[in-house]
Structure formats: C-alpha cells, structure tokens
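**Student:** need a 3D model of the sequence below.
(chains A and B)
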2 protein chains.
Amino acid sequence: MPRPSEDELIATYFAPLAGPGAFGLRDDAAILAQRPGQDLVVTTDMLTAGVHFFADDPPGAIARKALRVNLSDLAAKGAEPRGFLLGLALPGDWTTHWLAGFAQGLGEDAAAYNCPLLGGDTVKTLGPLAISITAIGTVPEQKIVLRQGVAADDLLYVTGTIGDAALGLQLRAGAAQDREWTKCVSQADAAYLAGRYLLPQPRLCLREALHAHAHAAMDISDGLAGDLAKILDLTGMTAEVMAADVPLSKAARKLVRHAPSLLETIFTGGDDYELLCAVPPSQSAAFEARAIAAGLPVHPIGTAKPGHMPPTFKDPDGQNLVFAQPSFRHF
Amino acid sequence: MPRPSEDELIATYFAPLAGPGAFGLRDDAAILAQRPGQDLVVTTDMLTAGVHFFADDPPGAIARKALRVNLSDLAAKGAEPRGFLLGLALPGDWTTHWLAGFAQGLGEDAAAYNCPLLGGDTVKTLGPLAISITAIGTVPEQKIVLRQGVAADDLLYVTGTIGDAALGLQLRAGAAQDREWTKCVSQADAAYLAGRYLLPQPRLCLREALHAHAHAAMDISDGLAGDLAKILDLTGMTAEVMAADVPLSKAARKLVRHAPSLLETIFTGGDDYELLCAVPPSQSAAFEARAIAAGLPVHPIGTAKPGHMPPTFKDPDGQNLVFAQPSFRHF
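**Tutor:** Next up is the predicted model:
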C-alpha cells in the first residue's frame, strides 16, 4: 500500500481533531478568537524517541504524553487549555497503523481536555521520532500563577504522589537488567508505576485553587529536589523537607521498604507532572479545602524560609539525604 | 569544557531573545496580553537536518530559516508577528559554538521582525537536529486572509520571483554531482540562488494590501504548481498559466536558457516562500499599486476559472508542460 501524501495523512488522521478556527487543517495557519478579560498562556515541549519515551511505547500513549506534559505546564500557571499545535517528525519506517494509533490517542485527550488541534506540521526525519507540541491556554487577567513568588513562611505543597513515574521508568530499565528489587514488585504495583511514567495526569482541576490562594507554582518534571530548589531560588528562599512528609503511593512505599536507596530516585527522578506550589499560611486551610473539593488532595512538605542554600531533605533520623544529582539533566 | 546544563544554556543563549511576557524563560509558560479587536493567528513548522536544511549550513542561517518559514505563513494570512516558541532537539555532538551561532541568527531575526521568543524547550535527540517553531501573530478581526476564497475571474498573483530556492538547492546537489548545467552558472548567480534557498524572505509587507484586496492567499512552500492546485481546488477553480508570465529572476532565466528542463524544478521545486494570492479584477490596479508602495512587486500569472482539473502551465508554443511530480512530497 503506498504511503499517503502529507495532505492525505492530515485529512485522514489529524483533520478530525481540528478545532473550529483550524479550517480543517487545510490552511497555513489557524485563528483563535480572543476572550475578553483573559490573557493567553503559551508553552512548548519537545519529546524524542529513546530520550523521553520508548520508541516501542503504544503510539496512542506517546501522543497523549506529548500533549499532557504541555497541559501540565498550563495547569501550573492556572490556565485553561484552548488548543494546541503539533510538530511531528516521522522516521523512515513509520506505518499508517502506527499513525492511526497516535492520532487516536491524541484525539481522545484533545476531547477529554477540551483542547482541540489548531495546526501542525508533519515532516520526515532521518532520525528517531520527534514530537513538538505547543499548547495555548487562557487565564483571567492578572491571575496567572508564576514560578517566582514564594514568600517567607509560605507552605510548600505538592499534589498527588511523588516518584511513581521515576520508579516506573527504573522498573522498566531495572527489569531488563534483572536488578534484585524489581523482583519484589507485584504485578499490580508494576502496572501502576509503569502507567504513571507512561501517562502523566495534568492537574488542571487545581486552577481555581491556585488563582485564589497560591503565591507561586510550577509543575514537577525534573525531580522534586531540583524543581523545589528552582522555585525557591527565584525569591531567595530555602526549605527543610522531612522525607516522611513527601506523599508516596502505596507501591512506592513498598519499594522503599525493600530498597531504601530508591528514595533518591523518588526525589530526583523526574516525570512526576505533579504541581508544586507555595501558599501563605493564612490561606492554607482554604487551599486544602478547595483542592479536596476539586478531587485532588494536596500535601504540605515544608515551609519556605529566607536563605540561599538548596532545600534539604531529612530522613526520619534527622540526617540529610545526599543526592548524587538533584535534578534530571537534559544533556 | 563541560556542557552547560539546560538552565545555563537557556540563560546564556535564549533568555536575551525573550519577550516581555516570557519571564526570562525561567517559567513553565509565557503570557501574551491580548489586543482588543484582534484575532490570534497561530502556525507551526518543523525542520529536520538532512531534509529541510543541510546539517552543515551555518547555524545562524538554520535558525533564521526555521523562524522565517513560520513568519511566511503569518504573512500569507495578513497577520503581524507577535512572538514565537522554539522546540530544539540537539544531536549528541552539539557544541556551544554551534549553539551560540544559532541563537545569534535567531536573535537577529526576532529583532528584525519584532517577534520575540516567548518560550521553548531544548532537549536531546539520538538523531539529527530537529527544530520546531510555533509563531503567533495577530490580525484585525474579520481580516484574516484564508486559502479558501478564490472566485471566478480572480487574478492570481505571485510575489517576487519563483524557483530560485529550488535552483539553489539543485545547484548545491548538482554541483556535488558535477552536472553539466551547473558549470554555466556565474559565481554571483550561484550565490544569489543559494541565498534564496538558505534564507527565505517572509512577505509581511504585503499585509495591508492583502487585507484590502485579496480573496485568498497562501505561501508557496511546496512548489508553485502544487500550491496553485491546492488553493484553486478549495473553491472548485482551475487556471491556465503561461509559463512566460511567471516571474523569474535573472539568474533563473539564464539557467533555463541553458537547460530548459529546469522549468520543472522552478515550477515544482518548493521553498519559494513567496505569496500566491487571488484578487478580483476590480481591485487589481489598487492591489498592484499598494504592493509597489510596500516595496514588493506582484505579478499576475493567470485567471481563476471554474473547473476541477489542476491548473495547466503552457510553454510559449502553447504546449502543456507536463510535470513528473507537481508538488514537493514530504514523504
């Protein structure tokens, strides 16, 4: 069967995902009507096979992850998704079967998050698959939540649980390498952790709680330790985090009991896509209540204090945890 | 010298290009204030080494091309650039020297086109360099110029000259293969044609002329023959183009005299980034005058007529030119 041309490919796989201003993806560009009283929020993330996902991951999951990591950035700013643009560089061996799966996963998430496709470009690459997504959201004027803004005495919160995705990734790599601790993981736990790596959950439901109560927020993509250091550093803050206060999933807790050294993976491993935010103490009760009402529990992990040292993580004996590399390095 | 981390790299090379809402590229996302009475226009283009440019092209030129092909899409819609986002997947052998050149070229064009960097993502790829740019522009409400809209009797115009970039590319490939016709090209002509391939000229100056007079427009990126077929097909139109009416540069004309078969390259080769637009006859004089006032001559190449056949190109003897492949195929 001959490969479809770019136009056929767009018409078949991507036009069904197109939003109202996208002209069925048959134009050079798309239009996005403005909403009075709202600012636009834009973000972009690129993912390449073998670095950000496994080339043999299900194509629908690859597509959804590529969209969701962008939606996670919008979530961290308190923004509501409005649409996205897709750059897709296909390697020589792509198949229409693969592309159909990719488009289906993408379409499901575009619908679920009310974030239609506004435009795209599908090209050839001589290397592995590369995906670039730009997401566009809106936020009420003056309501954007920035990274910069943590104040002294702010409570530092995280959503969900930390470290699952990094454990899921290690498990995948570790299983291949037959490491001891991977043998103690139940099938259900392994599936849970693998799923957390494969499919992040953008925490968009926290939008109004952030607008109302947060001084600052970011999404945790490069590991809690490094990302916490980043958000604190912007306003000359530091913090002491009791490791036991960091929310872990049941699966992660079991693993740490088997192999305590995995705490480093949990705090530095990346791919959480949970939110980290700073809330003044006077607002903390209201913030927590609103988060619970939104269906997403939040957990305080420490308090911001003036200081220029990176935050410390303490084990139950009060000893500092020392990390070989506090943050995921992109290079 | 150790490689900079992603944060250092952004702070050194890309933060100086950041627009006012981009928070020095230290946040998850950027903000873009809305302009009352304007719609947003968004477009994205991806370029990969060995497909859309040569890996050993000057890094500044690669960056400028990646931005300009997006600005060309905005130009075709009558939009004014407001900013862009950059996805950059760097191969293993990148150097800070290369990146400095890339950022410098990008910064020069961001300044020249008043189109600041709003955000980006720099990642690793196991393959060749890939660049994805999303450009954002604005257009007065109801003023966007679409591809769809060519009406019967509209004059079909192109800007500038056609085929130079495709000849520049052939020359580069042809010189390597020692083809006969490449020997007849003067050094000045070769440099001109190579430059037309390396560095497209987004025709943003035609914005107001398009708003005022055009029924439809697109940029010519995949070859005049194929792109003309696309814009006509959207409203069930066709056209007869006299090859002699298509504006060619002096360098292109000289080459065609040596090797008439190059007409196919000129009409189908792609990478022109000139504009193709449809203007009703009653507006043509005003459109031409406005284009001249904007410093960009436009040339009528035919008239739209109802019909479902692709447009034909006729040589001076009235014979149809037959093209093996009317449009650049992306796959």
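**Student:** could you give the mean pLDDT of the helix or strand where A:Ala285 lies?
**Tutor:** Element membership for A:Ala285, per DSSP states H and E: helix A:284-293. Averaging pLDDT along helix A:284-293 gives 97.
**Student:** which of the residues in the helix or strand that that helix is followed by are buried?
**Tutor:** Counting by DSSP H and E, the next helix or strand C-terminal to helix A:284-293 is strand A:298-303. If you call a residue buried by 16 or more other C-beta atoms under 10 Å in any protein chain shown, then strand A:298-303 has these buried ones: A:Val298, A:His299, A:Pro300, A:Ile301, A:Gly302, A:Thr303. (Glycine included, C-beta is placed from N, CA and C.)
**Student:** same for strand A:298-303, what does it pack against?
**Tutor:** Applying 3 or more C-beta pairs under 8 Å, 6 or more residues apart in numbering or on different chains; DSSP states H and E, we find strand A:298-303 packed against strand A:155-159, strand A:240-242, helix A:284-293.
**Student:** go again with 6 Å.
**Tutor:** When contacts are defined as 3 or more C-beta pairs under 6 Å, 6 or more residues apart in numbering or on different chains; DSSP states H and E, strand A:298-303 packs onto strand A:155-159, strand A:240-242.
**Student:** and stretch A:174-183, what's its mean pLDDT?
**Tutor:** 73.
**Student:** end to end on it, go ahead and measure it.
**Tutor:** Stretch A:174-183 has its terminal residues 10 Å apart, counting by C-alpha to C-alpha, to the nearest Å.
**Student:** cool, stretch A:285-305 as well?
**Tutor:** OK, stretch A:285-305 end separation, C-alpha to C-alpha: 20 Å.
**Student:** helix or strand right after the helix or strand where A:Arg253 lies?
**Tutor:** Per DSSP H and E, A:Arg253 falls inside helix A:250-258. Once the chain leaves helix A:250-258, the next helix or strand it forms, by DSSP H and E, is helix A:262-268.
**Student:** and for that following helix, what's in contact with it?
**Tutor:** A:Gly163, A:Ala166, A:Gln170, A:Gly223, A:Leu224, A:Ala225, A:Leu255, A:Val256, A:Phe313, A:Phe323, A:Pro326 (C-beta atoms under 6 Å, 6 or more residues apart in numbering or on different chains).
**Student:** using TSV, lay out the residues you listed together with neighbour count.
**Tutor:** Converted to TSV, the contacts of helix A:262-268 look like this (neighbours: other C-beta atoms under 10 Å in any protein chain shown):
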residue	neighbour count
A:Gly163	33
A:Ala166	26
A:Gln170	23
A:Gly223	27
A:Leu224	27
A:Ala225	25
A:Leu255	27
A:Val256	19
A:Phe313	27
A:Phe323	17
A:Pro326	20
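**Student:** which single one of those is nearest to B:Leu193?
**Tutor:** A:Gly223 (49.8 Å; C-beta to C-beta).
**Student:** which one is that closest one nearest to, not counting chain neighbours?
**Tutor:** A:Thr268 (4.1 Å; C-beta to C-beta, 6 or more residues apart in numbering or on different chains).
**Student:** low-confidence regions, the stretch 1-150 of chain A specifically.
**Tutor:** Flagging of the stretch 1-150 of chain A using pLDDT under 70 yields the residue ranges A:1-2.
**Student:** where along it do the strands fall?
**Tutor:** Ranges of strands in the stretch 1-150 of chain A, per DSSP state E, counting those that start in this stretch, are A:30-32, A:38-48, A:80-90, A:117-124, A:130-140.
**Student:** identify the farthest-apart pair in the contacts of helix A:262-268.
**Tutor:** It's A:Leu255 and A:Pro326 that sit farthest apart of these, by C-beta to C-beta, at 20.3 Å.
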